[in-house]
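Participant: starting from these lines, generate the structure:
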Amino acid sequence: MNSLSEAVLSDAPPRELARTPLPGEYTAAHLRVEDVGMFAGQADKDVRKSIHVGAVPMPELAPDEVLVAVMASSINYNTVWSATFEPLPTFAFLSRRAAAGGFAARHDLPYHVIGSDASGVVVRTGAGVSRWGPGQHVVVSCVQVDDHEPATHADAMLGSEQRIWGYETNFGGLAHYAVVKASQLLPKPGHLTWEEAACTLLTAATSYRMLISDKGARIKLGDVVLIWGATGGLGAFAVQLVKQAGGIPVGVVGSEAKAGYLRALGCDLVVNRSELGLEGPDGKDSTVEQAKRLGRAIREVAGEDPAVVFDFVGRATFGLSVFVVRRGGTVVTCGSTTGYQHEYDNRYLWMNSKRVVGSHAANLQEQAECNRLFGLGKLVPVLSTVHPLAEVGEATRMVQNNQHIGKVGVLCLAPREGLGVTDPALRERMGESALNPLRRERHILER
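Facilitator: The predicted structure follows:
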């Protein structure tokens, strides 16, 4: 073999992967520290200007780490935050990470390799890794933890040293190779392609914790669940999880076209926010007036107020969420794509015994349970488009401008789509159409 990448692409056996030399550098999507101030005073912070694709040095592995040859990755909203240097430049995260010394010092570099999702092949393991070995097909969790920290063993998301890989750490997944902790790895579902598997773990597991886990809303049979942004990555997985749990998803979309995508996911109850004039706290109508319209629309389609509201949108929706959730209901929130400063009328919260639950990513057990649902065929990917790594700026721009549905995939080492399937029998039983409902619907609408 001429190179490690060629060995990976030819499905070389583990021994050959282990003895093929590592390259001195690899191709990666990265940010540069000298660009941090480039968007000062600009209204449009175009991520295509800040994301670079090119060679970076191969880092040394720590004893508890694994080097993964990344076959595919995907775009998450934290890639947009990274590339706009907001709410603060990620280089500050890397500097704090490096302050711990030792191998952590590698993260403080004048470049930041971004990306928090990946599917790929293990090619190297650190001296302290026993569970994983070269040749294994894996998906990568976005969560890095310090397993020496006591809180981690109760719930990894409570650990003070918990970080999001590829956002708060270096050596992320939008690259030909990625450095991850062994505790980030899970087996890749064999019936999924590389690009399908790479679009699942971060968003699906985040939705799992928010809705299913005892750390979130813990929905039950018959619960009406209002889902904001229901055709995005988080929302589209939330629809599936609510249906699998026996709940009743009510999806919120901004156009009739997106309503078609939502119905393709099996969500029959849809509310079009544009028809209701839902403009958030800056609209001409008060939040209460807007929320009353939303509440009436939900009752028209679902027959009752929602028991749970799934909200990752933030400032534009949070006041509405608190109002419309039923007495004793729960608003579960992660992220805030429209802004972190939320406004709501607290009377509607305390006087009706409602709850707000904050949720962040998912611990490894929650991710494993979510990954298991993919392996059983109970959850399916929500991939809509796939780009080569060279076009990662364009792919991120789509997400930045909310021009996407579901998940936007990125091929890294994989030369084309459709590779990586090791369980063709399950794939055939499920059917291509069922595995890619958003791509199927997109093709129908484009014809």
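
Participant: now stretch 154-170, how far from the chain's geometric center?
Facilitator: Distance of stretch 154-170 from the chain centroid (CA atoms, centre = their mean, to the nearest Å) equals 15 Å.

Participant: endpoints of that stretch, how far apart?
Facilitator: Stretch 154-170 has an end-to-end distance of 26 Å (criterion: CA to CA, to the nearest Å).

Participant: how about the helices of the stretch 201-350 of the chain, start to end?
Facilitator: 201-211, 233-244, 256-264, 273-276, 287-302, 318-324, 347-350 (DSSP state H, counting those that start in this stretch).

Participant: so can I have a markdown table of the ones you listed showing mean pLDDT?
Facilitator: Output for the helices of the stretch 201-350 of the chain, formatted as a markdown table (pLDDT from 0 to 100):
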| stretch | mean pLDDT |
| --- | --- |
| helix 201-211 | 97 |
| helix 233-244 | 96 |
| helix 256-264 | 86 |
| helix 273-276 | 91 |
| helix 287-302 | 96 |
| helix 318-324 | 97 |
| helix 347-350 | 96 |
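
Participant: give me whichever of the ones you listed is most buried.
Facilitator: helix 201-211 (a mean of 28; mean count of other CB atoms under 10 Å). Any C-beta I mention is one placed from the backbone N, CA and C, and that applies to glycine too.

Participant: which parts of stretch 88-103 are buried?
Facilitator: Using 16 or more other CB atoms under 10 Å as the test for burial, stretch 88-103 gives 89-91, 93-94, 97-98, 103.

Participant: burial count for Glu34?
Facilitator: 9 (other CB atoms under 10 Å).

Participant: dump the residue contacts of it.
Facilitator: Pro110 (CB atoms under 8 Å, 6 or more residues apart in numbering).

Participant: could you do the one 4 residues further on as well?
Facilitator: For Met38, the residues meeting the contact criterion (CB under 8 Å, 6+ apart) are 49-50, 85.

Participant: swap the cut-off to 10 Å and go again
Facilitator: 32, 45-46, 49-50, 84-85 (CB atoms under 10 Å, 6 or more residues apart in numbering).

Participant: just Val239 next, same as before
Facilitator: Val239 touches 207, 225, 227, 230-231, 247, 249-251, 262, 265-267, 310, 382, counting by CB under 10 Å, 6+ apart.

Participant: from the residues you listed, pick the one nearest Leu438.
Facilitator: Val382 (5.4 Å; CB to CB).

Participant: my guess is the closest one contacts Glu196, does it?
Facilitator: Yes: contact status for Val382 versus Glu196: in contact at 9.5 Å, counting by CB atoms under 10 Å.

Participant: any shared contact partners between those two?
Facilitator: Common contacts of Val382 and Glu196 (CB under 10 Å, 6+ apart): 407, 436, 439.

Participant: format the residues you listed as JSON lines; extra columns: pLDDT, neighbour count and distance to Val392.
Facilitator: Conversion of the shared contacts of Val382 and Glu196 to JSON lines gives the following (pLDDT from 0 to 100; neighbours: other CB atoms under 10 Å; distance: CB to CB, whole Å):
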{"residue": "Lys407", "pLDDT": "96", "neighbour count": "30", "distance to Val392": "14"}
{"residue": "Asn436", "pLDDT": "87", "neighbour count": "21", "distance to Val392": "21"}
{"residue": "Arg439", "pLDDT": "82", "neighbour count": "21", "distance to Val392": "19"}
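
Participant: with that, I have no additional questions.
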